[in-house]
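J.: when you get a sec, could you give me coordinates for this:
(chains A and B, ligands or ions: 2)
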Amino acid sequence: MQRVAEGIGKGVLRGAEEVGFAGALFLEAVLWAVLGPTRRQPVRLAAVVAQMMQIGVEALPIASVLAATIGMMLAIQSLYSLGLFGAESFATVGIALSVVREFAPLIVGILVAGRSGSALAARFSTMMINQEVDALRVIGISPVRFLIAPALFAMMIMVPCLTMWANIVALSAAGLFVTAQLDISLAAYFADVVAALSVNDLAHGLGKSVLFAALVALVSAVNGALADGGAEGVGRRTTRAVVQSIAAIIMVDMIFAFVVTAG
Amino acid sequence: MAAVAQETPTQTRTDDAVVRIQGLQAHYGARQVLHDIELTVAPGEIMVIMGGSGSGKSTLLRHLVGLMRPTAGSVELLGVDITRAPALEMQRLRRRIGVAFQGGALFSSMNVLDNIMLPLREHTQLDRQTMEIMARLKLEVVNLAGAEDLMPAELSGGMVKRAAVARAIVMDPALLFFDEPSAGLDPAVSSALDDLILKLREAMNMSIVVVTHELESAFKIADRITVLDQGRILTVDDVAGIRRSDNARIQNLLNRRAENAEVDAETYLRRLTGEAAPAGDPQAAGTKQDAGAV
Ligand SMILES: Nc1ncnc2c1ncn2[C@@H]1O[C@H](COP(=O)(O)OP(=O)(O)O)[C@@H](O)[C@H]1O
Ligand SMILES: [Mg+2]
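T.: Ligands and ions are numbered 1, 2, ... in the order given. Below you'll find the predicted structure:
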């Protein structure tokens, strides 16, 4: 019994340590972005752009497919459940709010965690194990500036962009179904969507997606930095990074919803 | 190298030492792995740190290049105490030291030329053309001319190490560190690398610290050898002194030569058959104890 308690205690401590480490990485990355140029050690734009391509542009096809599927699914579900009360005309409002506030940020967050979070964790931990990170340090290059900051910033720029794109695709896909079922024009549907959404709703969704982006990048960086034990270690760290990223996204999403609706 | 050869080997010149370790203690967690290390390296000297597996060679090297901070004691490189130096001074010092890691540690996403140019890109304001010329020059020094556009994955083990050397010397450092230069190489290639180390000292007048468990290689290149055993310095002596030592532990190390040769043959065969080498030392990966040097 005591051993179990000790185990839990150690786990919590290690978790807290890793969260602290992630926070420190974030601050250091921001510091490098701000102060680096004055010390002739900038966060290189080319590195950020390269990461943006990988994280954002290359994810467009799969993000589109997922968003369209989710939009369509939401439309079918909304029309069905509202139809039970004869309230189909309210479907658009529900779909618009669900997509923009919840589904688009969440689905993009999870997609990026699986796609780019795993890639980052694999890259960081491989570099750690091959002593490439040590090599950077002895050359006098901060690994945070050189490796983590570009990935972090690229993530925080591209994930909201992907989310915005997912908003459009999901709402369009939903629109196709809704207009066919309710026999209204696509223009009328989009007018309803625009009327239903406030700037606040958009900001809520996009703001969350920035947070998710930072979570995925930092979780991957922490797992990469702690990697040991050869190729097997890389695999373990990669899996752990993805699981932790997705768990973190869902928990933060809940906390976000709670805080915002309480406020 | 006459100046170094003439002095009594165990006597250390402390006035102008390029490396000076004093009273160094190192721990992993609660466990002490290096005890009371004292070490000096004279300008232009090749110092080999030798010892069996687990004797603390890699840990000592990590302290020497500032990847770990000692729990006590000091490490001076070119007159700078790296355990206390402020970040900016450390940054300046980093341009004057080079490190060739055991596995090469080339950046796998960059080709050979970009790998070698990276220190120039980060530390100088030179234009790309000048940097390329300097990098190509170093490629020639290590006998890798023509490999500029290859990716690290396309290189053989020996080429990887030589490219790593080229990157380590691209800033013309005064002080060069090698971790296990012969590890994973077949004898001919490893011997060529030893020649390269000697040539670097000759041509560029560098002071060089080499960590190895290979006696053959140590005897060939060393001015002096520091023998580590269970985290303590057993002796510091020149090659002749080590050879005739009657210390049982050193004799033990000498006699293990045959064993080592066998391991090498095995590694060689494994490479020939394309089988992956066994996972590297667990300590190859950094740990939380590592100094977060910027
Ligand atoms: N990251 C680490 N964590 C804990 N112990 C370590 C670590 N790295 C090495 N050690 C231990 O420290 C001792 C010295 O290791 P090392 O410096 O790698 O020796 P060598 O390079 O001579 O084989 C060994 O007993 C090893 O098990
Ligand atoms: Mg070692």
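J.: wait, does the helix or strand harbouring residue A:151 contact chain B?
T.: Here residue A:151 sits within helix A:149-182, counting by DSSP states H and E. No - using CB under 8 Å from any CB of the partner chain, helix A:149-182 never reaches chain B; the gap is at least 12.1 Å. Bear in mind the C-beta positions are built from the backbone N, C-alpha and C, glycine included.
J.: please point out which parts of that helix sit buried.
T.: Within helix A:149-182, the residues scored as buried using 16 or more other CB atoms under 10 Å in any protein chain shown are A:149-167, A:169-175, A:177-179.
J.: ok, which of these also contact ligand 1?
T.: Contacts with ligand 1 are made by none of the buried residues of helix A:149-182, judged by CB under 6 Å from any ligand atom.
J.: any stretches of the stretch 1-150 of chain A with poor pLDDT?
T.: A:1 (pLDDT under 70).
J.: hmm, try it at 90
T.: A:1-24, A:28-47, A:54, A:56, A:81-91 (pLDDT under 90).
J.: coming back round to it: does anything pack onto the next helix or strand after the helix holding residue A:151? Which helices or strands?
T.: Downstream of helix A:149-182, the first helix or strand assigned by DSSP H and E is helix A:186-196. Helix A:186-196 is packed against helix A:91-98, helix A:149-182, with contacts defined by 3 or more CB pairs under 8 Å, 6 or more residues apart in numbering or on different chains; DSSP states H and E.
J.: for burial, what's the neighbour tally of residue 240?
T.: This is for chain A. Residues lying near residue A:240 (other CB atoms under 10 Å in any protein chain shown) number 18.
J.: my question was about chain B, not that one.
T.: Residue B:240, neighbours per other CB under 10 Å, totals 10.
J.: ok, now residue B:196?
T.: There are 18 residues near residue B:196, going by other CB under 10 Å.
J.: circling back to that earlier point, the helix holding residue A:151 packs against which elements?
T.: Where contact means 3+ CB pairs under 8 Å, 6+ apart, helix A:149-182 is packed against helix A:2-35, helix A:45-55, helix A:60-83, helix A:91-98, helix A:104-112, helix A:186-196, helix A:199-225.
J.: reformat those helices as TSV; add distance to residue B:18 and mean neighbour count.
T.: Shown next, in TSV, are the helices and strands packed on helix A:149-182 (distance: least, CB to CB, whole Å; neighbours: other CB atoms under 10 Å in any protein chain shown):
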stretch	distance to residue B:18	mean neighbour count
helix A:2-35	31	13
helix A:45-55	35	17
helix A:60-83	54	18
helix A:91-98	67	22
helix A:104-112	49	25
helix A:186-196	71	15
helix A:199-225	32	23
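J.: these: which one's closest to residue A:133?
T.: helix A:199-225 (7.8 Å; CB to CB).
J.: quick one, the closest one and helix A:91-98 angle?
T.: Relative orientation of helix A:199-225 and helix A:91-98, computed by axes from the mean of the first three to the mean of the last three CA atoms, to 10 degrees: 40 degrees.
J.: now residue B:227. Nearest residue, chain neighbours left out?
T.: In space, residue B:227 comes closest to residue B:234 once its chain neighbours are excluded; the distance is 4.3 Å by CB to CB, 6 or more residues apart in numbering or on different chains.
J.: part of a helix, is the one you found?
T.: No - per DSSP: H, G, I helix; E, B strand; the rest coil, residue B:234 lies outside any helix segment and is strand.
J.: quick check: it vs residue B:253, distance?
T.: 9 Å (CB to CB, to the nearest Å).
J.: same thing with residue B:175?
T.: 26 Å.
J.: one more: residue B:156?
T.: Applying CB to CB to residue B:156 and residue B:253 gives a distance of 30 Å.
J.: hang on, residue B:226 packs against residue B:48?
T.: Yes - if you go by CB atoms under 8 Å, residue B:226 and residue B:48 touch, sitting 7.1 Å apart.
J.: for chain B, what spans make up the helices?
T.: Assigned by DSSP state H, chain B shows helices spanning B:2-6, B:57-64, B:87-94, B:112-123, B:128-141, B:157-169, B:187-204, B:215-221, B:239-243, B:248-255, B:257-272.
J.: turn those helices into JSON lines, including distance to residue B:22 and mean pLDDT.
T.: Formatted as JSON lines, these follow (distance: least, CB to CB, whole Å; pLDDT from 0 to 100):
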{"stretch": "helix B:2-6", "distance to residue B:22": "21", "mean pLDDT": "44"}
{"stretch": "helix B:57-64", "distance to residue B:22": "12", "mean pLDDT": "94"}
{"stretch": "helix B:87-94", "distance to residue B:22": "18", "mean pLDDT": "90"}
{"stretch": "helix B:112-123", "distance to residue B:22": "29", "mean pLDDT": "93"}
{"stretch": "helix B:128-141", "distance to residue B:22": "33", "mean pLDDT": "92"}
{"stretch": "helix B:157-169", "distance to residue B:22": "26", "mean pLDDT": "92"}
{"stretch": "helix B:187-204", "distance to residue B:22": "25", "mean pLDDT": "88"}
{"stretch": "helix B:215-221", "distance to residue B:22": "24", "mean pLDDT": "89"}
{"stretch": "helix B:239-243", "distance to residue B:22": "23", "mean pLDDT": "87"}
{"stretch": "helix B:248-255", "distance to residue B:22": "24", "mean pLDDT": "74"}
{"stretch": "helix B:257-272", "distance to residue B:22": "32", "mean pLDDT": "54"}
